[in-house]
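Visitor: pasted the sequence and its predicted model underneath.
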Amino acid sequence: ADRMKHARDLIMDELGKIIIGQREVIDQALLTLFVGGNSLIVGVPGLAKTLLIRTMADVLDLKFARIQFTPDLMPSDITGTDIIQDDPETGRRHMVFSPGPVFTNILLADEINRTPPKTQAALLEAMQEHRVTVQGRTYVLDEPFYVFATQNPIELEGTYPLPEAQLDRFMFHVIIDHPPEHEEMDVLRSTTTVQQAALRPVVTGADLVAFQTLVRKVPVSEPVMKYALELVRRSRKGKEGAPDFVEKWVSYGASVRAAQ
């Protein structure tokens, strides 16, 4: 536990060289890393969503890939596909799998709601099971593996709402807002200079995998589990104890994953 706390402090110090403010957003991003989840970050353009995720990958010395989701993006653009390749020794052609950008440690799905559901669904297996299936063959992703997706809450024309099955795989729905005036002034100062802060990797992928295992070993008391279960069950319409506002405003309650 002390090692994890020390690692968190080191990560925060390094991120602070580039990212100004947004402490709550960073805390939720770090929780995502330590428990092995995925996060959906929602905010207007210009709030350093992409910069935050890219900087985290640098600080953690992890492989990073970014996919700009567009209406013409295909599932194979995410997972990869089989290609025909000539064998220089035999002269024969054979199929070889060419991995897509999902074969990384931190995947940034930028503006994920701008691509059709068919393409969005290409991430489902990767997010939950950390593997992808292409042409009937299953390929296991490297650990650790995280998906950080972003959405723009404005300019919704031509977008595709994320299906419930995909939303359910995000541990956090992070709302990122404009920083306070003094932090925004610090951003202006830091971006009007030629000096660039030097980042150093402070935590490895193996460390994160160990932290995830440690988190799973933390004992959870029966009352805490019952409380979590009660919260989840009361979010569902028609269930005993569900508040009136749930019956009126909530279409679908939280799934079993919400209590895990």
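Guide: That came through, no problem.
Visitor: okay, CA-based contacts and neighbour counts for the rest of this
Guide: Fine.
Visitor: dump stretch 182-202 to CSV, keeping only the CA atoms.
Guide: Provided in CSV are the C-alpha atoms of stretch 182-202 (Å, rounded to 0.1, in the frame of the first residue of the first chain):
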residue,chain,number,x,y,z
HIS,A,182,-5.9,31.6,-11.9
GLU,A,183,-5.3,28.2,-13.3
GLU,A,184,-6.3,29.3,-16.8
MET,A,185,-3.8,32.1,-16.5
ASP,A,186,-1.1,29.6,-15.5
VAL,A,187,-2.0,27.6,-18.7
LEU,A,188,-1.5,30.8,-20.8
ARG,A,189,1.9,31.4,-19.2
SER,A,190,3.0,27.8,-19.7
THR,A,191,2.0,27.7,-23.4
THR,A,192,3.6,31.0,-24.4
THR,A,193,7.2,29.9,-23.8
VAL,A,194,9.6,27.8,-25.8
GLN,A,195,10.7,25.8,-22.7
GLN,A,196,9.2,22.3,-22.4
ALA,A,197,9.1,20.4,-19.2
ALA,A,198,11.1,17.2,-19.2
LEU,A,199,9.1,14.2,-18.1
ARG,A,200,10.6,11.0,-16.7
PRO,A,201,8.9,7.6,-16.4
VAL,A,202,8.2,6.9,-12.7
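Visitor: what does it contact?
Guide: Contact with stretch 182-202 is made by 7, 10, 11, 14, 17, 18, 20, 21, 58, 59, 60, 61, as judged by Cα atoms under 8 Å, 6 or more residues apart in numbering.
Visitor: report the two of the residues you listed separated the most.
Guide: 21 and 61 (22.4 Å; Cα to Cα).
Visitor: quick revisit: in strands only, show me the contacts of stretch 182-202.
Guide: Assigned to strands by DSSP state E, none of the contacts of stretch 182-202 qualify.
Visitor: how about the strands in the protein?
Guide: Under DSSP E, the chain gives strands at 39-42, 64-68, 80-86, 93-99, 106-110, 131-134, 137-140, 146-151, 172-175.
Visitor: nearest to residue 161, of those?
Guide: Nearest of the strands of the chain (Cα to Cα): strand 146-151, 10.1 Å.
Visitor: and the closest one with strand 64-68, angle?
Guide: Strand 146-151 runs at 30 degrees relative to strand 64-68, counting by axes from the mean of the first three to the mean of the last three Cα atoms, to 10 degrees.
Visitor: adjacent strands (with direction) for strand 146-151?
Guide: strand 39-42 (parallel), strand 106-110 (parallel) (DSSP bridges).
Visitor: ok, now which ones touch residue 105?
Guide: Counted by Cα under 8 Å, 6+ apart, residue 105 has contacts 62, 63, 64, 65, 142, 143, 144, 145, 146.
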